[in-house]
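Asker: Prediction below, plus the sequence it came from.
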Amino acid sequence: MSEYDYDFIVIGSGPAGQKSAIQAAKAGKSVAIIEQDSMFGGACVHKGTIPSKTLRENALRVKNMRQTAALAKFSLDENTEMVTLIDRLDEVLKSHHTYMLEQITRNHVVRLHARARFVDRYSLALTHVDGSLQTIRAPHIIIATGSYPRNPDNVPIDHEHILDSDSILSMLYLPSSLTVLGGGVIASEYASIFQALGVQVTMIDRYPNPLGFLDKDMTDTFVRAFEAMGGTWLGSEQVSKVYWDGISQVVTECESGRVVTSQKLLCAAGRLANVDHLDLENAGLSVNERGLISVNERLQTAVDNIYAAGDVIGSPSLASASMEQGRRATCNILGLETAQFSHLIPAGIYSIPELSSVGLTEQQARQQDADILVGIAHFSEVARGQISGNTEGMLKIVADRSGREILGIMCVGEGATELIHTGQMAMLKGAEVDIFVENTFNFPTLAEAYRIAALDILSQRPRDTRLSV
Ligand SMILES: Cc1cc2nc3c(=O)[nH]c(=O)nc-3n(C[C@H](O)[C@H](O)[C@H](O)COP(=O)(O)OP(=O)(O)OC[C@H]3O[C@@H](n4cnc5c(N)ncnc54)[C@H](O)[C@@H]3O)c2cc1C
Ligand SMILES: NC(=O)c1ccc[n+]([C@@H]2O[C@H](COP(=O)([O-])OP(=O)(O)OC[C@H]3O[C@@H](n4cnc5c(N)ncnc54)[C@H](O)[C@@H]3O)[C@@H](O)[C@H]2O)c1
């Protein structure tokens with residue numbers, strides 16, 4: 001009899017854990033996936049990606065209604081229940097949950113509802129919901145335990161007035177005003193979504209611009225659009241104290257002396273790796289200085305039979321990247337061939353308006369060479385943008401100084417997170433800027449923006465290398 005219960009044990013059922021388990025099962029291995037939550041799917045399904053994007057759909061509807069002259073002043077009243085704004089969430093979650101469970105069952109992955117901790121490098125102790133204990137062993141263990149919101153000491157989260165990204169959607173009513181602490185991805189998405197719903201939103205961050213990893217033109221467009229909806233962006237402000245006044249307001253004090261009051265506050269100040277209950281030291285593991293599990297390029301930890309994937313290993317902390325890391329961790333253990341991992345991972349921010357980016361920003365590219373060429377297409381120049389009234393956006397292509405090699409592509413505006421993939425594929429295949437000029441696009445489409453931005457670059461090329469355009 002084997003000394004092991006399974007070939008593979010995966011801790012965590014988020015995007016990283018799921019894809020890791022399915023890949024192992026497809027390779028004919030016996031697999032157990034352990035999830036402490038009653039629901040399967042991790043933060044992505046229950047607290048993050050899917051719930052926030054469901055709310056966003058309704059916020060967009062409200063925003064689009066306001067574009068009709070007769071409804072320009074339309075607003076939701078203060079007693080609007082949050083459930084009406086995420087009315088489709090139950091349906092979306094149920095169908096996603098069913099799809100995931102069917103996939104797990106179809107592939108004979110054993111699902112264990114328990115909290116796992118290491119006993120040694122091959123063994124895990126499971127605490128089941130009824131308090132019972134079980135120990136299971138496997139030669140290969142994958143840690144995919146994800147992350148949870150970081151709550152700074154000076155922000156007393158009570159999940160009623162002062163909320164984090166896990167509890168924000170549990171508010172009963174749409175608030176009249178909301179302070180959003182942070183200028184990162186979660187902050188920008190929720191701030192613009194709530195502002196589009198008519199909530200008076202103030203965003204506060206210690207940095208001068210939100211989403212500092214994105215191209216400055218993109219974030220400037222985001223801030224302009226946010227402020228045009230009535231929102232307030234307060235950059236370069238360090239929050240010193242947050243408290244509920246006990247009556248009706250959350251008070252946010254900044255080191256500059258500025259005081260902001262609002263009905264609710266959302267703290268979106270980053271996320272921390274979920275490792276607290278794992279007893280990593282029993283397996284011979286520890287976390288790095290950022291509290292993350294360090295892995296090598298094969299996603300292997302310092303203990304050679306233990307791999308890790310997803311938010312628990314840090315950046316880019318995306319559902320999209322976590323899935324791919326989970327799959328690759330398993331492939332690496334099994335010696336299955338995978339294409340080289342591409343670092344061209346797109347960023348997609350589901351704010352209003354959407355933002356998306358792949359490769360270098362204009363600022364990053366200029367640091368390497370001041371003479372790069374940049375082509376811009378405004379959605380207002382694209383027939384589809386004019387027809388749909390979606391004229392707020394722009395697409396930018398950053399090319400090398402010859403105007404041929406594509407260094408980066410970024411887009412702001414509705415459809416940005418989809419549009420980016422056309423450029424991503426061109427970059428992955430090493431195509432030159434000309435590909436967007438020499439091929440036919442459907443008309444009218446927003447994708448035509450690629451052609452316009454590429455033509456903009458072609459017109460700036462050194463004379464002898466220009467195409468006839
Ligand atoms: C508000 C919000 C919006 C987001 N939007 C997007 C988006 O639009 N696009 C995108 O790509 N990404 C988005 N993300 C990021 C995305 O959700 C994460 O990158 C992704 O969920 C990480 O996947 P994971 O598998 O590493 O971990 P998780 O999804 O966090 O799953 C980890 C699972 O492990 C379980 N677990 C932890 N410890 C144990 C233990 N000891 N025993 C058993 N089980 C355990 C947890 O209960 C959890 O279910 C968003 C995140 C948030 C918070
Ligand atoms: N669409 C997406 O892909 C998506 C959506 C949501 C979340 N996510 C992922 O979730 C992760 C967490 O997102 P996040 O927005 O919480 O983190 P983040 O690290 O992106 O942003 C945190 C922000 O909070 C600010 N901050 C922290 N403490 C502060 C203080 N005391 N005063 C003022 N500002 C302060 C920081 O300066 C930073 O800008 C990200 O890594 C992201 O990849 C992705």
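Answerer: Yep, it's here. Ligands and ions are numbered 1, 2, ... in the order given.
Asker: Next, the closest residue to ligand 2 within the stretch 151-300 of the chain: phi, psi?
Answerer: Scanning the stretch 151-300 of the chain for the residue nearest ligand 2 gives residue 184, at 2.0 Å (criterion: Cβ to the nearest ligand atom). C-beta here means a position set from N, CA and C on the backbone, and glycine is covered the same way. Dihedral angles of residue 184 (phi, psi; degrees, to the nearest 10) stand at phi -90, psi -160.
Asker: Tell me the spatial nearest neighbour of it, not counting adjacent residues.
Answerer: Distances taken as Cβ to Cβ, 6 or more residues apart in numbering place residue 268 nearest to residue 184, at 6.2 Å, with adjacent residues excluded.
Asker: Please name the residues that touch that neighbour.
Answerer: The contact partners of residue 268, taken as Cβ atoms under 8 Å, 6 or more residues apart in numbering, are 149, 164-165, 180-182, 184, 186-187, 190.
Asker: Recalculate using a threshold of 10 Å.
Answerer: Counting by Cβ atoms under 10 Å, 6 or more residues apart in numbering, residue 268 makes contact with 149-150, 163-165, 168, 180-191, 203, 205.
Asker: can you check residue 247 too?
Answerer: For residue 247, no contacting residues are found, by Cβ under 10 Å, 6+ apart.
Asker: Same question for the one 10 residues further on.
Answerer: Taking Cβ under 10 Å, 6+ apart, we find residue 257 in contact with residue 240.
Asker: Next one, pLDDT for it please.
Answerer: pLDDT recorded at residue 257 is 97.
Asker: Just to be sure, it is in a strand?
Answerer: No: the assignment for residue 257 (DSSP: H, G, I helix; E, B strand; the rest coil) gives coil, which keeps it out of a strand.
Asker: Backbone dihedrals for the residue nearest to residue 184, please?
Answerer: Dihedral angles of residue 268 (phi, psi; degrees, to the nearest 10) stand at phi -130, psi 70.
Asker: Ok, the one 5 residues further on next?
Answerer: Here the main-chain torsion angles of residue 273 (degrees, to the nearest 10) amount to phi -70, psi 140.
Asker: rewinding a little: what's the per-residue pLDDT of the residue of the stretch 151-300 of the chain closest to ligand 2 here?
Answerer: The model reports residue 184 with a pLDDT of 97.
Asker: how far does stretch 159-173 stretch from start to finish?
Answerer: The straight-line separation of the ends of stretch 159-173 (Cα to Cα, to the nearest Å) is 13 Å.
Asker: buried ones in it?
Answerer: 161-169, 171 (16 or more other Cβ atoms under 10 Å).
Asker: Report how many residues lie close to the residue of the stretch 151-300 of the chain closest to ligand 2.
Answerer: Around residue 184 there are 18 other residues, counting by other Cβ atoms under 10 Å.
Asker: for residue 421, same thing?
Answerer: 15.
Asker: Can you narrow the contacts of residue 268 down to the ones near ligand 1?
Answerer: Filtering these for neighbours of ligand 1 using Cβ under 6 Å from any ligand atom leaves 165, 186.
Asker: now stretch 322-331, how far from the centre of its chain.
Answerer: 17 Å (Cα atoms, centre = their mean, to the nearest Å).
Asker: where do the helices sit along the protein?
Answerer: Ranges of helices within the chain are 15-26, 42-46, 49-66, 82-85, 89-106, 185-196, 216-228, 319-334, 362-368, 383-388, 416-428, 435-438, 448-458, based on DSSP state H.
Asker: Kindly reformat those as TSV containing distance to residue 375.
Answerer: Putting these into TSV (distance: least, Cβ to Cβ, whole Å) gives the following:
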stretch	distance to residue 375
helix 15-26	34
helix 42-46	35
helix 49-66	28
helix 82-85	39
helix 89-106	38
helix 185-196	26
helix 216-228	12
helix 319-334	26
helix 362-368	11
helix 383-388	16
helix 416-428	11
helix 435-438	9
helix 448-458	3
